[in-house]
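Chemist: Build me a model:
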Amino acid sequence: IVLDRLEGDNGRHAAVWNDGANALLQVASFSPDLKDYPIFMSSTNDVNFTAIIFCSDSATSHMLKLVATLSTMRSCRAIVLLWVSQRTQPKLLKHRKPSAPPITIIDIPFGNRSELFVPRPEIVTTAVFTIDDRVHLNADEIEFALQSWRWFPSRLVGYMGRSHVYRNERWSYSSQPLNHYSLILPDAALFHRYYLSLYPLWLSPVAAEEAARTPECHDLLFNALLSEYTSRPPILLGNRPFPTALKANSSSVRAGCFERLLTTSWHGEPPFLKSRARLDPVLFLDNVSNFRKKFRQMEASGGA
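Modeler: Residues are numbered from 1 along each chain as shown. Take a look at the predicted model:
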């Protein structure tokens, strides 16, 4: 703050200090242009994204199908596979068209979910789409998410909504279907790449230590960052059912992490903001001809 006052020409723009997020959440090295920061973007014309796939298992048919789907999309500029399996990496570079987006496979320690939130040179677009390989997304769901994010580039936009509730005189994490939500899990979510640069700097030592013990804590902490930065809730897209493989242990693990962070980092008050809004395509589930619907595959995925 003092340096910004003394070195007026080199200091941050007044708009940064006067904004709700203020300069304390501004990574000046990210870009000299304020237009590159999500908080100063009301919308964006960027129609491309980089996909980061968290591969928790071997090369399953679902993961291969997801890569094949992404490879056919013009809006996908790069694919990054975070490979945590002990098995041999898949040979994905065979029989690919020259126009297909490049694929990078990165070996990471088993269960190290923090790798989802690391800035990488392979990320070549403003939009970052994180996907768990156990989540089945078709081309329409991916494209609809991108088109929705373009209107809310500062927000976390995705399909997996969760919430926090006040029960028995205390706050708790809820994975039950509710008529509101306050978190979007990164298992199928879009966000601005700036947050990958901000997240490790924003993370407190206490929260980082908790996340190191329980990697699922990163999902909660990343949501907390965006809530603090934007002062707005995330945005839920057609709430689709969770894959069974994701339901098994992750909900209870996140619930335990929520309780610990509530005490150690959030001083008894969760930082998340609730919303009841949900974005669906025009004519979604309407009884009209499919030829009139732009994202007709979304109805087949069970996102009602």
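Chemist: Relative to Leu198, how far out is Phe261?
Modeler: Slight slip there: residue 261 is Leu, not Phe. 18 Å (CB to CB, to the nearest Å). For every residue, glycine as well, the C-beta is placed using N, CA and C.
Chemist: likewise Phe54?
Modeler: Phe54 sits 20 Å away from Leu198, taking CB to CB as the criterion.
Chemist: Let me know the pLDDT of Tyr37.
Modeler: Listed pLDDT for Tyr37 reads 88.
Chemist: from memory it sits against Leu25, does it?
Modeler: No - at 9.7 Å, Tyr37 does not count as touching Leu25 under the criterion of CB atoms under 8 Å.
Chemist: Summarise which helices and strands the one helix or strand Leu236 maps to is packed against.
Modeler: Taking DSSP states H and E as the criterion, Leu236 maps to strand 235-237. Under the contact criterion of 3 or more CB pairs under 8 Å, 6 or more residues apart in numbering; DSSP states H and E, strand 235-237 touches helix 139-151, strand 157-158, strand 278-279.
Chemist: which one of those has the lowest average pLDDT?
Modeler: strand 278-279 (a mean of 86).
Chemist: That one pairs with which strands, and in what direction?
Modeler: When pairing is defined by DSSP bridges, strand 278-279 lines up against strand 235-237 (parallel).
Chemist: Now do the partner strand: distance to the chain's middle.
Modeler: The chain centre lies 11 Å from the centre of strand 235-237; the measure is CA atoms, centre = their mean, to the nearest Å.
Chemist: the more surrounded of Tyr37 and Leu25?
Modeler: Tyr37 (23 against 18; other CB atoms under 10 Å).
Chemist: mind giving me the domain split of this protein?
Modeler: The chain breaks down into these domains under automatic domain parsing: 1-28, 37-300.
Chemist: Would you mind finding the most buried of those domains?
Modeler: Comparing the domains of the chain by mean neighbour count (mean count of other CB atoms under 10 Å), domain 37-300 ranks first with a mean of 18.
Chemist: What residues does the residue nearest to Lys35 when sequence neighbours are not counted make contact with?
Modeler: Of all residues not flanking Lys35 in the chain, Met41 sits nearest, at 6.9 Å (CB to CB, 6 or more residues apart in numbering). Met41 makes contact with 35, 153-154, 192, according to CB atoms under 8 Å, 6 or more residues apart in numbering.
Chemist: Also Val118?
Modeler: Neighbouring residues of Val118 by CB under 8 Å, 6+ apart: 196, 200.
Chemist: Number the residues from 464 up from this point.
Modeler: OK, 464 is where the count begins now, so the last one is Val581.
Chemist: From Arg656, how far off is it?
Modeler: 11 Å.
Chemist: Tell me the gap between stretch 723-731 and the middle of its chain.
Modeler: Taking the mean of its C-alpha atoms, stretch 723-731 sits 23 Å from the chain's own mean (CA atoms, centre = their mean).
Chemist: average pLDDT for that stretch?
Modeler: Rounded mean pLDDT across stretch 723-731 is 92.
Chemist: May I have the phi/psi pair for the closest residue to His655 other than its chain neighbours?
Modeler: The spatially closest residue to His655, leaving aside those adjacent along the chain, is Pro501, at 4.0 Å (CB to CB, 6+ apart). Recorded main-chain torsions at Pro501 are phi -60, psi -30, according to degrees, to the nearest 10.
Chemist: measure Pro501 to Phe580 for me?
Modeler: According to CB to CB, Pro501 and Phe580 sit 15 Å apart.
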